[in-house]
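Enquirer: predicted model follows, preceded by the sequence.
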There are 2 protein chains.
Amino acid sequence: MPLPLPGIYLPVNEQSDTSKICVVMVGLPARGKSLIAGKAMRYLGWVGIPARVFNVGNYRRSNTPQPQATFFDPHNEEGERMRRAAAQAAMTDMLQWFKKDQGVVSILDATNSTKERRKWIAQECAAAGIETLFVESICDDEDLITNNILEVKTTSPDYKGQDPELAVSDFRKRIGNYQKVYETIGEDEKSYPYVKLINVGSTVIINQIKDYLSSRLVYYIQNLHIKPRSIWLSRHGESQYNLTGRIGGDSSISERGEAYARALPELMRKSGIPENTKIVIWTSTLRRTIQTARHLKADTGFEKLEWKALDELDSGVCDGLTYQEISEQYPEDFKARDDDKYNYRYRGGESYRDVVIRLEPIIMELERSENVIIVTHQAVLRCIYAYFMNIPQENSPWMEVPLHTLIKLTPGAYGTDEKRFKADIPAVSTWRGKGTSATHQEFPAGGH
Amino acid sequence: MPLPLPGIYLPVNEQSDTSKICVVMVGLPARGKSLIAGKAMRYLGWVGIPARVFNVGNYRRSNTPQPQATFFDPHNEEGERMRRAAAQAAMTDMLQWFKKDQGVVSILDATNSTKERRKWIAQECAAAGIETLFVESICDDEDLITNNILEVKTTSPDYKGQDPELAVSDFRKRIGNYQKVYETIGEDEKSYPYVKLINVGSTVIINQIKDYLSSRLVYYIQNLHIKPRSIWLSRHGESQYNLTGRIGGDSSISERGEAYARALPELMRKSGIPENTKIVIWTSTLRRTIQTARHLKADTGFEKLEWKALDELDSGVCDGLTYQEISEQYPEDFKARDDDKYNYRYRGGESYRDVVIRLEPIIMELERSENVIIVTHQAVLRCIYAYFMNIPQENSPWMEVPLHTLIKLTPGAYGTDEKRFKADIPAVSTWRGKGTSATHQEFPAGGH
């Protein structure tokens, strides 16, 4: 029976005790497999599904840390044997992880480039009661491949400390060796559920996807793109409620908040906007975010969109109260929230978990989009930030996100680059440490 | 600039003034094109996007109401000319509709089976600033095709009043004529955004989908299946709040509500459940729906799942009040809600429009699912019912959905069959007519 999960809009892990999935990456080297694997893992972790990548290269490196291209020659029997051993070791660990650690989605990151290898994986998984989902990345765009080779593979541990030019040339030879035996997923493999991504998102082929979790994953993967872009995050300018330490509500921004709104266009420019770039502004439907974004004008390349999904975490009966008042009027709730801030749901309101679920379509749309600035609220911003920066759920509700600060995130192949731009406009601190009910507490300098 | 739509989780028509889309169906006769077209239109209408199907057959019938198969022979010049004229007439009306009636998504339902015809459509649309999205339905499953021929086409106006056997034989000849010239969407048509559906959902090929609205449509289409199934809808049993005429809350069911809960398994059996059928129960996270479903047991083939998205419309500050109290305490709101019940949002709560948006993932998952019984709340049930029965948004908030009544919906090729099963257990009426604040008003016998 599926696990009933109260309190979520999309029961993404409804089937956690009936279906476990092994996502099997397929493709030549430098086709973005690890990028897709890493993003899928981050997405799953963010929606609360235990997911882990098993990278066969890491297993191979334990014996052969820096092999030359000849190691991957299909006629090299010793190389072949060691690579098979690495695949076997990854499989063993993976099956253990499902069994002992309640894993739900594993991602087997390797070339898995022959029908024979894929058949073996499908059989091993089937024997352990694990569904497979093959994700093949095909790329015939030479620029894309070259970029992948240059950007990604010269940073690979396989070539650490080596001359980058020699590394690239050796890596091209390695790809050549894989090409000799590579078989795309074929007509005779129609019984496998699979997705083929051709040139990352420009064409997608989907075959036999049945269960809900696979369908969500496939939808996520089909929305990915690799165009360079940035995402800017900002809280609204200081609000009237911020001044009095009240939470929730729909108050206007303060005088200092308005100063931040006026400073925002210049702060954006300072952060670096590529020329002739259209930037879409997403705000919530609440006054303080719309007011904060109002000086980012259409004639300088900005477009606006309001999303109810970006509204602040609903604090239910506590809406409009100060933390002091909450601790007095609802002492048990106040403590319960401190004990598990991620899961605590305000009476008649929401938890961080609820917010993550309603933000899921926002993340999906962010993956589809290019340059976006999101002007939203503390809790919502924490959740979006946690997705991009891979912050564990239990930590995200305690992160400090100061007012009057613009965060610029630039996703790259191996993570997201972050820069912060502080406007020189004072604002109250709205950060609250565990166990306190101070109205305007300063974030401890040492971090947390 | 995209239209800012306050108050929705997914701004599905965010681009309504920048992108208009013509969905171009492609495929031989009896491949389920009209079924897909009809469902897509219903879905779009439900999420609030003006959509209309233009069926070229209907235009052709105005001149040639009951053609024989020879009419569709590619060598029949007169037939060819008349079919081209029908396509032209549909196109002209469609372009008019975009221009004069603020249409957003048109669906051109025809075989559009040659590259030449598709090129013409793409050019005509491009000239009018309309994006195209080609949806090709390919079917090589003979059983599926035969079913389509028998079920669907013997009811076609083309064969009205004719001998069904002769109709089927003629229709097969007609398909043969189309097959002579049919060209699947090919490599040379890669610049078109398209989806190919192979055997309805078992394999899907997606090419070059860029804008948000197309992406949502494609996701909807890729989730469709045509396995026979039913969907049962029920409100929770009468609740304590129902007894006192209060709205919202999280009260338990009354004694009579419990009697309904006990009667529900038998009511389900009476409604007709195919043998060995697994039925999944979806409830909200509120007590009254969970209690109502509790006698549908796992050992008789039921599985349970709780969805927050199925919780009742949030009545904000009015939660827990009677209509009488609302009309006294918030007279302006009470009137505003009567004036536009679909769009009226309770202070601090939701509108029907908000509920539809949060139900969108539910509808998507329902399309993916087979047999499901949904035990939920009046407003939520109205919205789901409106989707299946194609009820206009402005009417759905006023529909009567009595307590202690099971509704069985069985989707078919040309609409949804509805049967109602009333448990013989009295309950208060919770229906309220426009302009009244009666606690327990009876629905007028004449209906509306």
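Expert: Right, received. Where do you want to start?

Enquirer: how many neighbours does the residue lying closest to A:Gly245 once chain neighbours are set aside have?
Expert: Nearest residue to A:Gly245, sequence neighbours excluded (Cβ to Cβ, 6 or more residues apart in numbering or on different chains): A:Thr439, at 3.4 Å. Placement of C-beta: from N, CA and C, glycine included. Neighbour count of A:Thr439, defined by other Cβ atoms under 10 Å in any protein chain shown: 17.

Enquirer: ok, A:Asp299 next?
Expert: Other residues within reach of A:Asp299, judged by other Cβ under 10 Å, total 5.

Enquirer: do the same with A:Glu400
Expert: A:Glu400 - counted by other Cβ under 10 Å - has 16 other residues nearby.

Enquirer: is it in contact with A:Gly433, as I believe?
Expert: No: applying Cβ atoms under 8 Å as the test, A:Glu400 and A:Gly433 come out as separate, 9.9 Å apart.

Enquirer: and A:Lys408, helix, strand or coil?
Expert: With DSSP: H, G, I helix; E, B strand; the rest coil as the basis, A:Lys408 sits in strand.

Enquirer: okay, and the beta partners of it?
Expert: Counting by DSSP bridges, A:Lys408 is bridged to A:Trp232, A:Lys419.

Enquirer: report pLDDT for it.
Expert: For A:Lys408, the pLDDT comes out at 97.

Enquirer: list the contacts of it.
Expert: A:230-232, A:271-272, A:418-421 (Cβ atoms under 8 Å, 6 or more residues apart in numbering or on different chains).

Enquirer: what does A:Ile175 give?
Expert: By Cβ under 8 Å, 6+ apart, the neighbours of A:Ile175 are A:28-30, A:149.

Enquirer: pull the residues that contact stretch A:376-395.
Expert: Taking Cβ under 8 Å, 6+ apart as the rule, stretch A:376-395 contacts A:42-43, A:45-46, A:48, A:231, A:233-236, A:282-284, A:286, A:289, A:310-313, A:342, A:352-353, A:355-356, A:359, A:362-363, A:366, A:374, A:396-397, A:399, A:401, A:407, A:409, A:411, A:415-416, A:418, A:430.

Enquirer: buried ones among the residues you listed?
Expert: Among the contacts of stretch A:376-395, those classed as buried by 16 or more other Cβ atoms under 10 Å in any protein chain shown are A:42-43, A:45-46, A:48, A:231, A:233-236, A:282-284, A:286, A:289, A:310-313, A:342, A:352-353, A:355-356, A:359, A:362-363, A:366, A:374, A:396-397, A:399, A:401, A:407, A:409, A:411, A:416, A:430.

Enquirer: also near chain B: which of those, exactly?
Expert: Contacts with chain B within those, counted by Cβ under 8 Å from any Cβ of the partner chain: none were found.

Enquirer: now flag whichever of the contacts of A:Lys408 is closest to B:Ile247.
Expert: A:Ile231 (40.5 Å; Cβ to Cβ).

Enquirer: that closest one touches A:Asn371, doesn't it?
Expert: Yes: using Cβ under 8 Å, A:Ile231 is in contact with A:Asn371, at 7.5 Å.

Enquirer: which neighbouring elements make contact with the host helix or strand of A:Leu133?
Expert: Using DSSP states H and E, A:Leu133 sits in strand A:131-138. With contacts taken as 3 or more Cβ pairs under 8 Å, 6 or more residues apart in numbering or on different chains; DSSP states H and E, strand A:131-138 sits against strand A:21-26, helix A:33-46, helix A:115-127, strand A:194-198, helix A:212-222.

Enquirer: thinking A:Glu418 is in contact with A:Ile407, fair?
Expert: Yes: counting by Cβ under 8 Å, A:Ile407 is a contact partner of A:Glu418 at 6.6 Å.

Enquirer: one step back: among the buried ones among the contacts of stretch A:376-395, which ones are in helices?
Expert: When DSSP state H is applied, these are split such that A:42-43, A:45-46, A:289, A:352-353, A:355-356, A:359, A:362-363, A:366 fall in helices.

Enquirer: got a markdown table for these, with pLDDT too?
Expert: A markdown table is the format used below for these (pLDDT from 0 to 100):
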| residue | pLDDT |
| --- | --- |
| A:Arg42 | 94 |
| A:Tyr43 | 94 |
| A:Gly45 | 92 |
| A:Trp46 | 92 |
| A:Thr289 | 97 |
| A:Tyr352 | 93 |
| A:Arg353 | 89 |
| A:Val355 | 91 |
| A:Val356 | 91 |
| A:Leu359 | 91 |
| A:Ile362 | 90 |
| A:Ile363 | 92 |
| A:Leu366 | 93 |
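
Enquirer: re the thing from before, what strands line up against the strand holding A:Leu133, and which way round?
Expert: Partners of strand A:131-138 in its sheet, by DSSP bridges: strand A:21-26 (parallel), strand A:194-198 (parallel).

Enquirer: now do the nearest residue to A:Ala336 once chain neighbours are set aside against B:Leu133, distance only.
Expert: Closest residue to A:Ala336 in three dimensions, ignoring its sequence neighbours and counting by Cβ to Cβ, 6+ apart: A:Tyr344, at 5.5 Å. Distance, A:Tyr344 to B:Leu133, by Cβ to Cβ, to the nearest Å: 44 Å.

Enquirer: who's more crowded, the two?
Expert: For A:Tyr344 and B:Leu133, the more surrounded residue by other Cβ under 10 Å is B:Leu133, and the numbers stand at 24 against 19.

Enquirer: mind listing the helices for the stretch 201-350 of chain A?
Expert: In the stretch 201-350 of chain A, helices defined by DSSP state H, counting those that start in this stretch lie at A:212-222, A:240-244, A:255-271, A:287-292, A:323-329, A:331-339, listed in chain order.

Enquirer: which one of the ones you listed is the most hemmed in?
Expert: Highest mean neighbour count of the helices of the stretch 201-350 of chain A: helix A:287-292, a mean of 24 (counted as mean count of other Cβ atoms under 10 Å in any protein chain shown).

Enquirer: which strand or helix spans A:Ala30?
Expert: Per DSSP H and E: A:Ala30 is located in neither a helix nor a strand.

Enquirer: that one: neighbour count?
Expert: Using other Cβ under 10 Å, A:Ala30 has 24 neighbouring residues.
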